[in-house]
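A.B. asks: With the sequence up front, the predicted model follows.
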Amino acid sequence: MTGSDERRLRWAADLVNTDIMKANLRALRTGLLEFFLESLVGDEITALHSGKPGPSDFSHEDFLHLQQMIKKLLGGLLTGDREGVRVQGNMSVVSPLGSWTDLYLRGPTQDMVLFNIGLLLLKKPHSQIKRCEAKEGSGRCEKLFYRYRGQRFCSRKCTNREMSRRKRKSDREKEATRQRKKYERKVKATHGENVKIQTRKRRK
Ligand SMILES: [Zn+2]
């Protein structure tokens, strides 16, 4: 799997977490266009968009719909849902320059994005798609993300929040141990070394 493949999968996972209605339409379109441009490099099968809406005509609503489909496709990897996503089926098979060294599929933009994601996932074990387990309120963040290198959580925000939560927990535990030792020293000082000290259950 190349860096380009990883970027494209990460783009798909990031789109799932994007607040589409608040996002800049031009930036969304650029991302989509790049997703297709990068698919032109190196692979034997290339799935390209044709017809309208093309990436540069995509509306907020088109992106919302695409987002739902990608969410279902990637989410299925984690839940084991085998239903998949439905595509229109209006595709053509094209051989570029009359050679069959490469196979081109052409079809509606949304379908071709999903097809491309399917191709990308074939190349990489699905384990790179993760659900964020950072604690958030009484539950967990649960956002889908594409794990890059040793990444543990979906975003810097979640990583920072989780790290400070763990730090607080470890600080609390250290403080509890310190208090406990202090208490033991006091008891031993008043009742002698051999005194039995009750152990208290520590608060989690
Ligand atoms: Zn998260």
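C.D. replies: Now that the structure is in, tell me what you want to look at.
A.B. asks: most centrally placed residue in the chain?
C.D. replies: Against the mean C-alpha coordinate of the chain, by CA atoms, centre = their mean, the closest residue is Phe145 at 0.5 Å.
A.B. asks: measure it to the ion for me?
C.D. replies: 7 Å (CB to the ion, to the nearest Å). The way it works is simple: take the backbone N, C-alpha and C, and place the C-beta from them, glycine included.
A.B. asks: same check, this time on Glu34
C.D. replies: Distance from Glu34 to the ion, by CB to the ion: 24 Å.
A.B. asks: taking the mean pLDDT, what do you get for the helix or strand where that residue lies?
C.D. replies: In this assignment (DSSP states H and E), Glu34 forms part of helix 25-39. In this model, helix 25-39 carries a mean pLDDT of 95.
A.B. asks: CA-only coordinates of it in CSV, if you can.
C.D. replies: What follows is helix 25-39 as a C-alpha-only set of coordinates in CSV (Å, rounded to 0.1, in the frame of the first residue of the first chain):
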residue,chain,number,x,y,z
LEU,A,25,-17.6,23.4,-0.2
ARG,A,26,-14.6,24.3,-2.3
ALA,A,27,-12.3,22.4,0.1
LEU,A,28,-14.6,19.4,0.1
ARG,A,29,-14.6,19.4,-3.7
THR,A,30,-10.9,19.7,-3.9
GLY,A,31,-10.5,16.7,-1.6
LEU,A,32,-12.8,14.7,-3.7
LEU,A,33,-11.1,15.6,-6.9
GLU,A,34,-7.7,14.7,-5.4
PHE,A,35,-9.1,11.4,-4.3
PHE,A,36,-9.8,10.6,-8.0
LEU,A,37,-6.5,12.1,-9.3
GLU,A,38,-4.5,10.0,-6.9
SER,A,39,-6.3,6.8,-8.1
